[in-house]
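J.: Just the structure for this:
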Amino acid sequence: MEPFDNHQNLIQTVLTLPEENVRHGLGGPFAALVVKNGAIIGQGCNRVTDQHDPTAHAEMEAIRAACRQLGSHQLHGCVIYSSCEPCPMCLGAIYWARPDKLFYLNSQADAARIGFDDQFIYQELALPVAQRQLTTEHLDHPRRLVAFELWQASSDREDY
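T.: Okay, here's the model as predicted:
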């Protein structure tokens, strides 16, 4: 784990970044850092409105930057610092990236109080597909499994 003073500095950084993001009108009040061996290897701020991209959350931006830096799709040996408890999308990405630890500051409830309420997504995911608000239909097609079969038979695939 990082030295205590570096941990405190990383907390200060992940608190300062979203303040600047809001002051400069670049997006929502969220930031994230990916840290390896005490050094920041990826950072991101919420850029949803600035980039017109609903996936441009702070954690997603930080994970993308860190993975590019490492040349890997995995964050083994890394720690993520987030200014807020990650939303379902970001939490999914964090699990897929497989860091060693996640620290966060504000909670889901704190975010909901200022209009960032993800509770409806958690509720929707718990429902059977047919009962969700988003009309979703499973399509059957004779070629639907071809890519899966090619992947499974590939000798040079990289499992993740």
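J.: L15: what's it in contact with?
T.: 31, 83, 105 (C-beta atoms under 8 Å, 6 or more residues apart in numbering). Any C-beta I mention is one placed from the backbone N, CA and C, and that applies to glycine too.
J.: what ranges do the strands span in this protein?
T.: With DSSP state E applied, the chain shows strands at 31-36, 39-45, 78-84, 101-106, listed in chain order.
J.: Adjacent strands (with direction) for the first one?
T.: According to DSSP bridges, strand 31-36 forms sheet pairs with strand 39-45 (antiparallel), strand 78-84 (antiparallel).
J.: Export those strands as JSON lines, with columns for mean neighbour count and mean pLDDT.
T.: JSON lines is the format used below for those (neighbours: other C-beta atoms under 10 Å; pLDDT from 0 to 100):
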{"stretch": "strand 39-45", "mean neighbour count": "20", "mean pLDDT": "97"}
{"stretch": "strand 78-84", "mean neighbour count": "25", "mean pLDDT": "98"}
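J.: Now tabulate those strands in CSV and tack on distance to D118.
T.: Formatted as CSV, the strands paired with strand 31-36 follow (distance: least, C-beta to C-beta, whole Å):
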stretch, distance to D118
strand 39-45, 18
strand 78-84, 10
